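Asks: no sequence for this one, just the structure:
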């Protein structure tokens, strides 16, 4: 069914619209659903997730090493 006030989809057994709270009447028009479009395959999503899981720690380690080296040189120049 569709809400008579806002037009959003409402389940047949619902008494109120989940979006606007308007009371739903028995004679409302039924809702026809369409199948959801295909999503990306799990293999491609998992591959990107694995790459991100490896890339983020690697970049963080490199940044940490850079900060340590930079701090060492700054400390050395302050001593002179």
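Replies: Perfect, I can see it now. These figures come from a predicted structure and were not determined experimentally.
Asks: might you list the low-confidence residue ranges for this structure?
Replies: For the chain, the stretches flagged by pLDDT under 70 are 1, 25-48, 79-80.
Asks: same thing but at 90, please
Replies: 1-57, 71-80 (pLDDT under 90).
Asks: show me how it divides into domains.
Replies: 1-32, 41-80 (automatic domain parsing).
Asks: looking at those domains, which is buried most?
Replies: domain 1-32 (a mean of 12; mean count of other Cβ atoms under 10 Å). Bear in mind the C-beta positions are built from the backbone N, C-alpha and C, glycine included.
Asks: residue contacts, residue 75?
Replies: With contact set as Cβ atoms under 8 Å, 6 or more residues apart in numbering, residue 75 has no partners.
Asks: and it, backbone torsions?
Replies: Dihedral pair for residue 75: phi -60, psi -40, per degrees, to the nearest 10.
Asks: quick one: it from residue 57, how far?
Replies: Separation of residue 75 from residue 57 (Cβ to Cβ, to the nearest Å) stands at 27 Å.
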